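Enquirer: The sequence and its predicted three-dimensional model are supplied below.
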Amino acid sequence: MAYPVKVGPLPPTSPDTNPSNPTRELAAIMFSDVVGYTAIMGRDEQEALRALDAHRELLRSLIPKFNGRMVGEIGDGTLTSFHGAIDAVNCAREVQARLHDRPELKVRIGIHLGDVVFSNNTVLGDGVNVASRIHALAPPGGICVSAHIYDEIRNKPGTCFKDLGEQRLKNVSRPIRVYQIVAPDLAAQPATGGWRRVALIAGAGVVILAGIILALMRSRSQAPYQTQSTAKHTISSIAVLPLDNFSGDPKQEYFADGLTDELTTDLATISALRVISRGSVMRYKGAQRPPTPEIAKALNVDAVVEGSVMRVGDKVRVTAQLIDAPADKHMWAKNYERDSRDVLAMQDEIAQAIAREVNVELTPNEQAHFASGRTVNPAAHDAYLKGRYFLGSYGSQERVQKAIEQFQEAIKIDPNFALAYAGLADAYSTGDDWYFPATEVMPKAKAAAEKAIELDDSLAEAHVSLAGMYEYDFDWAKGEREYRRAIELNPSYAFAHDQYGYLLAFQGRFDQALAEFYRASELDPLSAGFVYDVGPPLVWQGKYDAGKEQYRKALELDPGFSFAQQGIGWADLEAGKFNEAIPEVQKAITTDSPPFFVGLLGYAYAKSGDRAKAEAIIAELNQIAARRFVSPFCTAIVYLGLGDKQRALDGFEKAYEVRSQWPLFFKVDRMYDPLRSEPRFIALLKKVGLDK
């Protein structure tokens, strides 16, 4: 028979619900009782009652964290219901962990997933009966689960089981396979996975979030954590996988993504570690991640950091865990909760803890950075993270403009917020020559970068932004100085290596450039952009096939990456294969393509001898220019293809006047070879500092 159990408060009934009607649910049922209760009662009745009260009080304090509810009592046993297996198991683990240092109070726990029926003030069914029977198979302080529970959690990292085989249980018609959860460190620390949003409380007519207890990881990794002081092998490379948003609001994704980026940046300042950049790790955002060893292999790292973010009011809680990636073994885990103003300091603390776990010695400068105790205005930080979110996923002028507005809002709230100025500089320079004339945005970008460095000279992002400003001013020495400073501050900053690579390549320093490009792609191996950027210096060296191979690799990573498709056509143009280039460039052109793609197609038509189509492209570019900014360079290259050197030079001179980026290519690109003896072109090379 199934035990009828007196239940606690059930969900309120609606006006249309008859409380006497039974309600059937599929639930994870946890049954626990005090070991040796009868013997304790015989020895000391008061002691037994204290043990019983302590057991139930502990459960009442913990089950809300796991979205559960106490549904009944049977003698010294307690019945608890959960919506899912993971919540039930993690609650059981924490119960046992909390009781580890209380030898006078031991409990056994059994968990089963099955149907239960709530009727009036009783709960009965298969779930109750099986859970109440299998708990007796657990040792004192242990947990036993049915096969149904086992199937739900068996693939969770760090979870070990002992198969107890099929068991015939009293009043259960069929044999039940039972497993004991075995974890050597089960009692070493409370399990922190599986926390869920638990309640909404109404007050003064305003519904507020009363509590969201953070889930450490998605269901794939909710397990007890094994803390080890040393790894079996050296940890010298790490990836921070996207932190999960458990704030209960999908609109908070930008906040979780922003904290992922900030933790990545903090770790990247540690010179002894190679830290993978956001472009690659963001591929693993979402519920369905490959196994950790597979991710580690793709990113070529020794360890990964996983975790979750919760924000409630002015409190932020981050849970992080460090995993030995090839072994898929937990090394360390910890919860951090701070006021919003201390979120940057919290990130510093997490980075330091990880460094200690992998036995990395910080330099004095790194120690000083992490000891700074940075604070931030929460509203300004929030606007900054929104700006980074728009900028990180930009694909249109609208998103770049939104990023600019958010960074400006952050600065308005806190005029001394250095990161916001660095973000504003990046946003302005992102739109340069694509959406806005450089003369319109680059002075603003330069002023923002300089202000960021004035406020905080340790920001690698600001030094990269300022380096770009010097590059557009054609001050190559100062640009190189700033790139080097950025890399010194953040050796794992892939974007710094990448942009420095272009500065070197524009000057014809190809071997040095390739070293920087390869370093960038190593730090962000799944980023199509960084894989693409290895291609140009190869093409400029006449290694056309090698360049095209890079572009194909970029397309494999991102089939929609139009720059890589355009790059294949451009490499053919550089090699003099004009007819072959045309269809490749055509594939790259969409309604959102940069005008340069259209100009390149016009150049290809012109070089292939199709003058009519080339002239039609010029007309098309003029039409586009009536709607948005188009660099004079775009029509100039079509005229260059047509052999009209003077009109081409007219366009190139205008491009220089508006500080277009394209004159930076003049020294190394074979496209401009027909102009190298022209005095006007020689003068242009001198103006941009590339005449040597």
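Expert: Cool, the structure landed.

Enquirer: what kind of secondary structure is the most centrally placed residue in the chain in?
Expert: When the chain is reduced to its mean C-alpha position, the nearest residue by C-alpha atoms, centre = their mean turns out to be residue 242, at 2.6 Å. Local secondary structure at residue 242 is given as coil here, using DSSP: H, G, I helix; E, B strand; the rest coil.

Enquirer: what sits against it?
Expert: 256-257, 260, 281-282, 284-286 (C-beta atoms under 8 Å, 6 or more residues apart in numbering). Every C-beta, even on glycine, is put in place using the N, C-alpha and C of the backbone.

Enquirer: how near is it to residue 471?
Expert: 32 Å (C-beta to C-beta, to the nearest Å).

Enquirer: picking that back up, of all the contacts of residue 242, which comes closest to residue 133?
Expert: Distance to residue 133, by C-beta to C-beta, is smallest for residue 286 among the contacts of residue 242, at 39.2 Å.

Enquirer: Report pLDDT for the closest one.
Expert: For residue 286, the pLDDT comes out at 69.

Enquirer: before we move on, back to that, could you check how far the residue nearest to the centre of the chain is from residue 254?
Expert: Distance from residue 242 to residue 254, by C-beta to C-beta: 12 Å.

Enquirer: As a check, name the ranges of all helices in the stretch 101-250 of the chain.
Expert: If you assign secondary structure with DSSP state H, counting those that start in this stretch, the helices in the stretch 101-250 of the chain sit at 126-134, 147-153.

Enquirer: Could I get those helices in JSON lines, plus columns for mean neighbour count, distance to residue 268 and mean pLDDT?
Expert: Listed next are the helices of the stretch 101-250 of the chain as JSON lines, based on neighbours: other C-beta atoms under 10 Å; distance: least, C-beta to C-beta, whole Å; pLDDT from 0 to 100:
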{"stretch": "helix 126-134", "mean neighbour count": "26", "distance to residue 268": "48", "mean pLDDT": "79"}
{"stretch": "helix 147-153", "mean neighbour count": "20", "distance to residue 268": "34", "mean pLDDT": "82"}
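
Enquirer: where along the stretch 151-300 of the chain do the strands fall?
Expert: Per DSSP state E, counting those that start in this stretch, the stretch 151-300 of the chain carries strands over the ranges 160-167, 176-182, 197-203, 206-212, 237-240, 244-245, 274-275.

Enquirer: scratch that, the stretch 351-500 of the chain is what I was asking about
Expert: Chain-ordered strands for the stretch 351-500 of the chain, with DSSP E, counting those that start in this stretch as the definition, do not occur.

Enquirer: Can you pull the poorly scored residue ranges out of it?
Expert: Counting by pLDDT under 70, the stretch 351-500 of the chain has low-confidence residues at 373, 393-396, 431-435.

Enquirer: could you redo the last one with a cut-off of 50?
Expert: 394 (pLDDT under 50).

Enquirer: still on that earlier bit, restricted to buried residues, select the contacts of residue 242 in PyMOL.
Expert: A single PyMOL command selects the buried members of those (16 or more other C-beta atoms under 10 Å):
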select buried, resi 256+257+260+281+282+284+285
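
Enquirer: picking up where we left off before, Serialize the helices of the stretch 101-250 of the chain to JSON lines and add fields for distance to residue 543.
Expert: Formatted as JSON lines, those follow (distance: least, C-beta to C-beta, whole Å):
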{"stretch": "helix 126-134", "distance to residue 543": "67"}
{"stretch": "helix 147-153", "distance to residue 543": "52"}
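
Enquirer: Looking at the ones you listed, which is nearest to residue 87?
Expert: That would be, of those and by C-beta to C-beta, helix 147-153, which comes in at 10.4 Å.

Enquirer: The closest one - contacts with which helices or strands?
Expert: Applying 3 or more C-beta pairs under 8 Å, 6 or more residues apart in numbering; DSSP states H and E, we find helix 147-153 packed against helix 85-98, strand 107-119, strand 176-182.

Enquirer: Please identify the buried residues of the second one?
Expert: For strand 107-119, the buried set under the neighbour-count rule, 16+ other C-beta under 10 Å, comprises 107-114, 116-119.

Enquirer: what's the answer for the first one, then?
Expert: Neighbour-count burial for helix 85-98, counted by 16+ other C-beta under 10 Å, picks out 85-97.

Enquirer: Out of these, which two are the most distant from each other?
Expert: By the measure C-beta to C-beta, the buried residues of helix 85-98 have their two most distant members at 85 and 97, which lie 18.5 Å apart.

Enquirer: who's in contact with residue 372?
Expert: Taking C-beta under 8 Å, 6+ apart as the criterion, residue 372 is in contact with 345, 348.
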